[in-house]
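Peer 1: the amino acid sequence is not available; the structure is as follows:
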């Protein structure tokens, strides 16, 4: 029963979404299923938050490796929760001037807005900026000319990298009009439009067919491993 | 003196009134046609008209001299009246003409999405200039009654392809059920999972599994969880620890069920530790910071990434590479695949990732579905080749032949089969203006 009910829900929701895609009458059913999912996800947030706090409290009490980070996590969690729920710094909505909490919770100047603008955004940007360094290290490894394929990749990447900058235009600007196609900026456009698009589309077609086959396996109840069954 | 002032004022008033009377108004738009939006639930009407000659965006003005600045069209005002409410009472406001939209200059179409199915509406349109002068009204050629269509024919070919692929999959599942042996090629990335878990056991370090950053309603997350089932079972059999940080609470709940069942089926329910499958945060980069922090501190011997990933894929894979872990990744995000290929030891590309659960299960029924997938691929390649043939033929044909068989077939493939133009090409004889497929 513990496995059967989720399986029936998954099958019904899947078929409803397929029907909603083709039958205009059932369009609303798809939206309703999505709304149900959103409600479930909001309920599960409590579960997730509770789990987060429990694990970090356990880490602090056992003084596990890196327990100091857990203290910071718990502190930030409760600080954000209190500031958000109390709508600290929010001005009352002009329609309900007597109620301090009637304003928009992310209003400019409010406590939650301040946390988002001055803590979440810079920290997120910092993580995103680190990508540049990771791209460099990954490229260094990927572009080592160990064999024919890797050499081909190195040459192609070199052309595209140079072709996307002014250096590509500048280096081959002297080429006569009849040989203009050899300029790196033109070669880059060709590489991106023809071989790159062909490869991406081949992968995309494979993915689309994989999605159909996986969906059918789940809808027909053949694949139940996501429910913890073989 | 007062009389003189009064006469001056009267003259000014007369001048203003006369100027208003003789103020030039823009030429009206023409040919307003209204149709029921096809393939919908009867909740929209499509309006189209020919732009006013005073609209500077009107293509027929291209060769004309400078427009009259007084009559340049700034917008089109569209009004609607409800003629019949299918038995219901029409509100006072809807019985007369009322404004429903002000379309900007240069526009010649608009879709009214505020209609009720089964009600009958009339429309009219006027051009407005910068002085707010209206042109004459252009009335719609006929009233329209939006109605719900039984089937969305713009997705007709999608439905046919789905039935064909579904038929292949169902057929081969049935074949497998009847005992026929089906051969599937080896997927190196999946064979490597056992090797990676074995290495983690030998080194006494945990195995890290990340099921992407999408929620449980995404097919990639489900595909990731099916692989998790196998990884957890192998870890349970070998006695290795598995760590599963999740980016969504619902994924955490589902992953716990999956891992618990895997430990149970491996005969090691006592080794299952639910706290090792935990929620971190919904925020993409905060999640990756948490996971990479764990990787650097605990140094897992094997990292498996299976699911939907975005920009964080490279940060995860490069950190794993830095700590020297065996890494196996699988995703259906084409833009993230190069990052995984560059940083991981094995990568499941697109369809291989979706084939993983069937491959790992060794269940003939699931393997049958893979065979069906291959036949679907064959159909796709066949259509591609036919399309390439006709596109090449059309390209080499002269201008007159572009209306010929090759061009029409190519247009049918691109617009109807792969586009949303419906099941069959619209011929000149098609008079289905109402879109009710009559």
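Peer 2: Looks like it arrived, so ask away. Computed from a predicted model, the values in this text were never measured in an experiment.

Peer 1: quick check, stretch B:41-57 touching chain A?
Peer 2: Yes: counting by C-beta under 8 Å from any C-beta of the partner chain, chain A has neighbours in stretch B:41-57: B:41, B:42. (Each C-beta comes from the backbone N, C-alpha and C, glycine too.)

Peer 1: contacts for stretch A:4-11 next, please.
Peer 2: Under the criterion C-beta atoms under 8 Å, 6 or more residues apart in numbering or on different chains, residues A:218, A:219, A:221, A:224, A:227 lie in contact with stretch A:4-11.

Peer 1: tell me the buried residues in that stretch?
Peer 2: Buried positions in stretch A:4-11, judged by neighbour count with 16 or more other C-beta atoms under 10 Å in any protein chain shown: A:6, A:10.

Peer 1: which SS state does residue A:212 fall under?
Peer 2: Using DSSP: H, G, I helix; E, B strand; the rest coil, the structure places residue A:212 in helix.

Peer 1: and it, how many residues sit next to it?
Peer 2: When neighbours are defined as other C-beta atoms under 10 Å in any protein chain shown, residue A:212 has 22 of them.

Peer 1: could I get the contacting residues of it?
Peer 2: B:162, B:165, B:166, B:169, B:373, B:376.

Peer 1: show me what contacts residue 203?
Peer 2: In the absence of a named chain, chain A is used. Residues in contact with residue A:203 (C-beta under 8 Å, 6+ apart) are B:334, B:337, B:349, B:350.

Peer 1: actually it's chain B I care about, not the one you picked
Peer 2: With contact set as C-beta under 8 Å, 6+ apart, residue B:203 has these partners: residue B:301.

Peer 1: contact residues of the stretch 101-250 of chain B facing chain A?
Peer 2: B:148-152, B:155, B:158-159, B:162, B:165-166, B:169-170, B:173, B:215, B:217, B:219, B:222-223, B:225-226, B:229-230, B:248-250.

Peer 1: please identify which pair of the contacts of residue A:212 lies farthest apart.
Peer 2: The largest distance within those, taken as C-beta to C-beta, falls between B:162 and B:373 and amounts to 13.1 Å.

Peer 1: which one of the two has more residues nearby?
Peer 2: Taking other C-beta under 10 Å, residue B:162 and residue B:373 do not tie; residue B:373 has more neighbours (25 against 18).

Peer 1: hmm, the more buried one is touching residue A:210, no?
Peer 2: Yes: counting by C-beta atoms under 8 Å, residue B:373 touches residue A:210, with 6.6 Å between them.

Peer 1: which residues are in contact with each of those two?
Peer 2: B:351, B:355.

Peer 1: and the longest helix along chain A, average pLDDT?
Peer 2: In chain A, ranked by residue count with DSSP state H as the criterion, the top helix is helix A:27-61. In this model, helix A:27-61 carries a mean pLDDT of 90.

Peer 1: which SSE is immediately downstream of it?
Peer 2: The helix or strand immediately downstream of helix A:27-61 is helix A:67-85, counting by DSSP states H and E.

Peer 1: circling back to that earlier point, mark which of the contacts of stretch A:4-11 are buried, thanks.
Peer 2: Counted by 16+ other C-beta under 10 Å, the contacts of stretch A:4-11 give A:218, A:219, A:224, A:227 as buried.

Peer 1: those: which ones sit near chain B?
Peer 2: Contacts with chain B within these, counted by C-beta under 8 Å from any C-beta: A:218, A:227.

Peer 1: restricted to helices, list the buried ones among the contacts of stretch A:4-11.
Peer 2: Checking the buried ones among the contacts of stretch A:4-11 against DSSP H, those in helices are A:218, A:219.

Peer 1: on that earlier part again, so among the contacts of stretch A:4-11, where is pLDDT lowest?
Peer 2: The member of these with the lowest pLDDT is residue A:227, at 71.

Peer 1: contacts only, for that one.
Peer 2: Here residue A:227 is in contact with A:3, A:6, A:7, A:10, B:257, B:258, B:261 (C-beta under 8 Å, 6+ apart).

Peer 1: same thing but at 7 Å, please
Peer 2: Counting by C-beta atoms under 7 Å, 6 or more residues apart in numbering or on different chains, residue A:227 makes contact with A:3, A:6, A:7, B:257.

Peer 1: for residue A:127, same thing?
Peer 2: Counted by C-beta under 7 Å, 6+ apart, residue A:127 has contacts B:285, B:288, B:289.

Peer 1: wasn't it part of a helix?
Peer 2: Yes: looking at residue A:127 with three-state DSSP, it is inside a helix.

Peer 1: how confident was the prediction at it?
Peer 2: On the pLDDT scale, residue A:127 gets 92.

Peer 1: domains of the chain?
Peer 2: You didn't say which chain, so I picked chain A. According to automatic domain parsing, chain A comprises the domains A:1-85, A:143-230.

Peer 1: actually, chain B is the one I wanted.
Peer 2: According to automatic domain parsing, the domains of chain B span B:23-139, B:153-165+B:372-417, B:185-362.

Peer 1: looking at the ones you listed, which is closest to residue A:85?
Peer 2: Across the domains of chain B, residue A:85 has its closest neighbour in domain B:185-362 (17.6 Å, C-beta to C-beta).

Peer 1: what's the span of that closest one, first residue to last?
Peer 2: Criterion C-alpha to C-alpha, to the nearest Å; first-to-last residue distance in domain B:185-362 is 12 Å.

Peer 1: sheet partners, orientation included, of the lengthiest strand in chain B?
Peer 2: Assignment by DSSP state E gives strand B:73-84 as the longest strand of chain B. Here strand B:73-84 has these sheet partners by DSSP bridges: strand B:98-104 (antiparallel), strand B:120-129 (antiparallel).

Peer 1: and those, which is most packed in?
Peer 2: Of all the strands paired with strand B:73-84, strand B:120-129 carries the top mean neighbour count, a mean of 21, counting by mean count of other C-beta atoms under 10 Å in any protein chain shown.

Peer 1: give me the residues contacting stretch A:32-39.
Peer 2: Outside stretch A:32-39, the residues that touch it by C-beta under 7 Å, 6+ apart are A:13, A:16, A:17, B:217.

Peer 1: list the buried residues in that stretch.
Peer 2: residue A:33.

Peer 1: quick one: it to chain centroid distance?
Peer 2: Relative to the centre of its chain, stretch A:32-39 is centred 20 Å away, using C-alpha atoms, centre = their mean, to the nearest Å.

Peer 1: that older thread, buried sites along the longest helix of chain A?
Peer 2: Neighbour counts using 16+ other C-beta under 10 Å place A:27, A:29-30, A:33, A:40-41, A:44, A:48, A:51-53, A:55-56, A:59-60 of helix A:27-61 among the buried residues.
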